[in-house]
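> Got a predicted model here, sequence first, then my questions.
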Amino acid sequence: MKIGFTGTMSVGKTTLVNALKDRAEFKNYTFATERSKHLRDLGIPLNTDSTIKGQVIFLAERCSELLQLNMVTDRTVIDVMAFTSLAKSIPIRYADDYCKLAVNLIKEYDYIFYISPEGLPIEDNGVREIDSQYRTKIDNSIQNIIKNNKKNIRNYRELSGTTEERVDKIISSIFY
């Protein structure tokens, strides 16, 4: 089973993946968390400065996750599409072509969980963009991608509440 979390920055996606690692229900799963700091240190521009080459690397990471038998990831191709479409340095025609390719991978997730930023502060981890307007634009883009691709999403759920409440909803959605 392939399980992905989608949402703008600083909504708790990585926290959820890490919380699921300790659950017996996920003992046979591979877990993937975002590697932005590592990629930035390799010279790959992130966030508003991202390039088409950088976004191809992010898409390749998502594809490598989708090759796993049982996988939980804190990013989906939806996130990558949203960041690509809003990158200042990527011409719109390249972003459109990129998204036309990436959209075909959405159907490979068995579950996609969306996490809203509503009521959540932006935490500065030294890598992510902390501009609240950019965060809102990414969130709106993610929501539009989801809305426009409902037919490609097998199981969609929205998450809110504490980490523990979110974990309970994930467990009940998948296993009960």
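Cool, got the structure.
> helix/strand/coil for Glu25?
State at Glu25, reduced to three classes by DSSP: H, G, I helix; E, B strand; the rest coil: helix.
> nope, Gln68 is what I was after
Going by three-state DSSP: Gln68 is coil.
> Any idea how many residues pack against it?
By other CB atoms under 10 Å, the residues close to Gln68 number 15. In short, each C-beta sits where N, CA and C put it, glycine included.
> Could I get the pLDDT score of it?
At Gln68, the pLDDT value in this model is 95.
> Could you do Asn47 as well?
For Asn47, the predicted pLDDT is 64.
> which ones are touching Thr76?
Taking CB atoms under 8 Å, 6 or more residues apart in numbering as the contact definition, Thr76 lies against Gly4, Phe5, Thr6, Arg62, Ile106, Tyr109, Ile112.
> now this protein, which segments are flagged as low pLDDT?
Scanning the chain for pLDDT under 70 picks out 35-48, 126-127.
> Nearest residue to the middle of it?
The chain has Arg75 as the residue nearest its centroid, 2.5 Å off, counting by CA atoms, centre = their mean.
> Three-state assignment for that one, please.
Following three-state DSSP, the label given to Arg75 is coil.
> Surely it is in contact with Val17?
No: contact criterion CB atoms under 8 Å: Arg75 and Val17 do not qualify, at 9.5 Å.
> shared neighbours of these two, which are they?
Shared contacts of Arg75 and Val17, defined by CB under 8 Å, 6+ apart, comprise Phe5, Ala32.
> returning to that earlier point: in strands only, show me the contacts of Thr76.
For the contacts of Thr76, the ones inside strands are Gly4, Phe5, Thr6, Ile112, with DSSP state E as the criterion.
> Let's see if you can find the most crowded of those residues.
Thr6 leads the ones in strands among the contacts of Thr76 on contacts (other CB under 10 Å) with 29 neighbours.
> Was I right to think that one contacts Ile146?
Yes: using CB under 8 Å, Thr6 is in contact with Ile146, at 7.4 Å.
> who touches both of these two?
The contact sets of Thr6 and Ile146 overlap at Ile78, Ile112, Tyr114 (CB under 8 Å, 6+ apart).
> which residues does the second one contact?
Contacts of Ile112 were listed using CB under 8 Å, 6+ apart, and they are Gly4, Phe5, Thr6, Thr76, Ile78, Ile106, Ile146, Ile153, Arg154, Asn155, Tyr156, Arg157.
> Would you format those as a markdown table with distance to Glu164 included?
Listed next are these as a markdown table, based on distance: CB to CB, whole Å:
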| residue | distance to Glu164 |
| --- | --- |
| Gly4 | 20 |
| Phe5 | 16 |
| Thr6 | 20 |
| Thr76 | 23 |
| Ile78 | 25 |
| Ile106 | 28 |
| Ile146 | 25 |
| Ile153 | 25 |
| Arg154 | 26 |
| Asn155 | 21 |
| Tyr156 | 22 |
| Arg157 | 16 |
